[in-house]
Each structure stands twice: as C-alpha cells, then as structure tokens.
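Participant: Pasting the sequence and the predicted model now:
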Amino acid sequence: MKTKKLTLFFLLIIGALILSACTGQPLTNNYPGLATDGERAYISTGSFIYAIDVETGNQVWSYPEDPETELLYYANPVLTEDGQLLIGSVGTNHAFISLDPATGQEKWPEPFSSAKGAWVASPLVFNETIYAPNTDGFLYILDLNGNQMSPPIELGGALWSAPVTDGTYIYINSLDHHLHILNPTTGESADPIDLGGAAPGSPAIGNDGIYVGSFASDVKFITPNGNNEVIASASDWVWGTPAFDSETLYFADLSGNIFSLDLTNNRQNWDSLQPDGPVTASLLVVGDQIYVATEAGSLIALDRDGKIVWEKTPGGKIYTTPVLANDLILVAPYQAEFALAAYDADGKQAWTFTLDN
C-alpha cells in the first residue's frame with residue numbers, strides 16, 4: 001500500500017512536468033516551488049518562474065520571456081544575501097541559473113550545466129558557497145558566480161531535499177535511506193547514517209543536533225558525531241521537514257496526522273489529530289499558530305493546543321510548504337483556479353494570483 005502511494009505521488013510530479021514540457025505553456029496544475037524575500041514572492045512552475053508583489057498580488061516579472069520546453073522548474077527558489085535568485089531545471093536541459101530578484105534578468109554569463117540529472121532540490125548557500133544537490137547523486141559546489149569550485153561529492157542515491165547547516169556541518173538526506181554529514185572546510189563526509197526509509201524532506205536544525213523524518217514512519221534525532229535515536233513514531237510516512245520551535249517539534253504524516261512533540265520528555269502534547277487529508281508539505285509555525293497545508297486543498301491554522309483556529313480551502317491540492325511574507329501566509333496550490341494566495345493571521349484572504357495576470 002505504501003509503495004503504491006509513493007509510486008502515485010512520483011507519477012503525479014513526473015506527469016505534470018512532462019505535460020508542461022510538451023505544451024511549452026505555464027500551467028496552474030503542476031506542483032510549484034515557492035519562496036519570498038518579503039517584498040516579492042517567487043513561484044516556479046512549468047517552464048517559468050514568476051515574481052509577484054507581496055502587497056498587491058500583481059506580477060512583477062516572469063522568466064524566461066518565451067517558453068523553452070527543455071527547461072522545467074520545480075524546486076523552491078533560493079535567495080542569496082548578495083542579491084541572487086538560484087534555481088535549477090528538471091527538464092531535459094539541466095541548467096542551474098541565477099536571476100536578479102528585482103528584474104528577472106540572468107546574472108551569470110552562462111548557466112552551470114555540468115550535472116547529469118535534474119535539480120529537484122533547492123541549493124544551500126553557506127559561507128559564500130553554493131551547495132547544489134542533484135538527482136544524479138552528486139553534491140555540486142559552486143562559487144557565487146556559478147563557477148565550480150571543486151569536484152562534486154558523490155553521495156549516492158537521488159538527492160531530492162535541500163541541504164541544511166548548523167554553522168559547522170552540512171546535512172543532506174538522500175532517497176537511498178541515508179543522511180550524510182559533511183565538513184565544508186575539509187570536504188570530508190562521515191559514514192552515512194541509515195534512516196530506515198527514504199527521506200525526501202530536509203533535516204530540521206535543533207539544539208545540539210538535527211531532526212529527520214522519513215518513510216520509516218518515524219523521526220530521528222541525530223547529533224553531529226552521528227549518534228542517533230528514534231524520538232517519535234508516526235502512523236505513516238513522514239514526507240516534510242519537521243518544524244523545530246524551542247522545546248516543541250511539529251510534524252505530519254501521509255495519513256494526515258499532525259503531531260506536537262514535547263522535546264523535554266519526548267511525549268506528544270495532544271491526542272490524535274487528523275483534520276483533513278494526507279500532508280506532504282512541511283508545517284509552518286508563526287507566533288502562536290501552526291499552519292498545515294493538505295493534499296485535500298485545505299490550509300488549516302492550529303493553536304498550540306491542537307485546536308483549529310480557522311480553516312480555508314484554496315482549492316486543488318497543496319503539496320508546497322506555505323511561507324511567511326511579512327504578516328501574510330502564502331500558499332501555492334496544485335490544480336487550482338489560481339497559482340498563489342495570501343492570507344492574514346485571521347484567515348482573511350488578501351489576494352490571489354493567476355498565471356494569466
């Protein structure tokens with residue numbers, strides 16, 4: 001049953017990408033990537049990347065000017081401190097590009113195109129270095145001008161999740177059931193840690209270690225030296241990144257269960273909570289509310305006791321993790337009438353954006 005769920009989900013993603021490649025047109029019905037810098041929101045969908053004004057919901061720019069069917073964008077764009085927007089293509093052209101977030105113009109003389117696979121994962125930018133994971137199983141290391149700084153590191157297994165750092169080490173999950181811990185100073189990698197299942201989400205940085213959810217239907221706590229233990233079990237696969245918030249860890253599973261784990265005693269803070277449909281997106285914690293996006297197309301705000309504060313139905317299905325832009329929650333549904341919607345903390349819809357704006 002679980003294998004069938006994974007296969008169907010992968011087909012969902014791949015099918016949408018192939019359809020966009022055949023038509024060459026932007027689609028509202030493919031799984032988008034989403035990021036924001038507070039001034040603009042950026043969504044990657046089909047052959048295009050769009051910038052949207054966060055205050056008004058109006059389009060600022062789109063890239064490229066004309067559709068290029070060999071280029072398809074799926075990952076969450078990444079913004080750098082020196083004013084770049086980074087993203088790679090999952091199309092037949094495996095270009096990794098840098099854009100100006102204000103204008104959408106290309107910033108590098110040419111894309112980085114040495115990878116053999118697709119750029120499903122977002123890169124990590126750390127110490128003025130880009131660490132870009134690829135589905136070919138390699139982690140590519142670039143400078144901020146897009147030049148390769150050293151040979152790529154072969155990790156094995158398709159890399160679908162963004163690396164994270166605690167300021168000393170870099171952590172990256174693989175679909176081959178392993179977590180890799182890298183020393184960016186030496187380029188050395190410790191022995192991989194067996195997670196017991198594929199891990200398509202990123203680790204969450206905590207105090208003195210990281211938290212990793214996987215298709216082993218549990219969450220592990222792992223220290224920088226590789227010590228690890230299961231601290232919580234779920235009812236189903238854990239797809240998204242756990243949300244670490246001081247002494248509490250929030251996570252969800254593919255059966256739609258929402259968990260709140262007290263990290264002081266590793267006990268659940270509430271009884272069974274299953275408000276609506278499977279959850280693949282990571283949970284978003286803002287102030288005293290936890291935002292949950294579901295496959296059934298709902299955006300749910302919970303309080304810290306697990307009570308529903310409000311629930312909205314943007315429509316379609318939601319696989320992309322919501323993001324915070326100033327005082328607005330942005331959500332990017334799949335197969336909906338619009339590509340992006342903004343809600344305030346009380347659940348009032350501020351605006352929607354459609355791709356024909």
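Facilitator: On my side now, so go ahead.
Participant: for this protein, what spans make up the helices?
Facilitator: For the chain, applying DSSP state H gives helices covering 2-23.
Participant: Just the CA atoms of stretch 161-177, as PDB, please.
Facilitator: The C-alpha coordinates for stretch 161-177 follow below in PDB (Å, rounded to 0.1, in the frame of the first residue of the first chain):
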ATOM      1  CA  SER A 161      16.000  17.700  -0.500                       C
ATOM      2  CA  ALA A 162      17.800  20.900   0.200                       C
ATOM      3  CA  PRO A 163      20.900  20.700   2.400                       C
ATOM      4  CA  VAL A 164      20.900  22.500   5.800                       C
ATOM      5  CA  THR A 165      23.700  23.700   8.100                       C
ATOM      6  CA  ASP A 166      24.200  24.300  11.800                       C
ATOM      7  CA  GLY A 167      27.000  26.700  11.000                       C
ATOM      8  CA  THR A 168      29.600  24.000  11.200                       C
ATOM      9  CA  TYR A 169      28.400  20.900   9.300                       C
ATOM     10  CA  ILE A 170      26.200  20.400   6.300                       C
ATOM     11  CA  TYR A 171      23.400  17.800   6.500                       C
ATOM     12  CA  ILE A 172      21.700  16.300   3.500                       C
ATOM     13  CA  ASN A 173      19.200  13.500   3.100                       C
ATOM     14  CA  SER A 174      19.000  11.000   0.200                       C
ATOM     15  CA  LEU A 175      16.300   8.900  -1.200                       C
ATOM     16  CA  ASP A 176      18.600   5.800  -0.700                       C
ATOM     17  CA  HIS A 177      17.600   5.900   3.100                       C
END
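Participant: what's near enough to touch the nearest residue to Leu302 once chain neighbours are set aside?
Facilitator: Spatial nearest neighbour of Leu302, chain neighbours left out: Ile290 (4.5 Å); criterion: Cβ to Cβ, 6 or more residues apart in numbering. To be clear about C-beta, it is placed using only N, CA and C from the backbone, and glycine gets the same treatment. By Cβ atoms under 8 Å, 6 or more residues apart in numbering, Ile290 lies in contact with Ala243, Tyr250, Ile258, Ser260, Leu283, Leu284, Ala301, Leu302, Asp303, Arg304.
Participant: What ranges in the chain fall below the confidence cut-off?
Facilitator: Scanning the chain for pLDDT under 70 picks out 1-30, 357.
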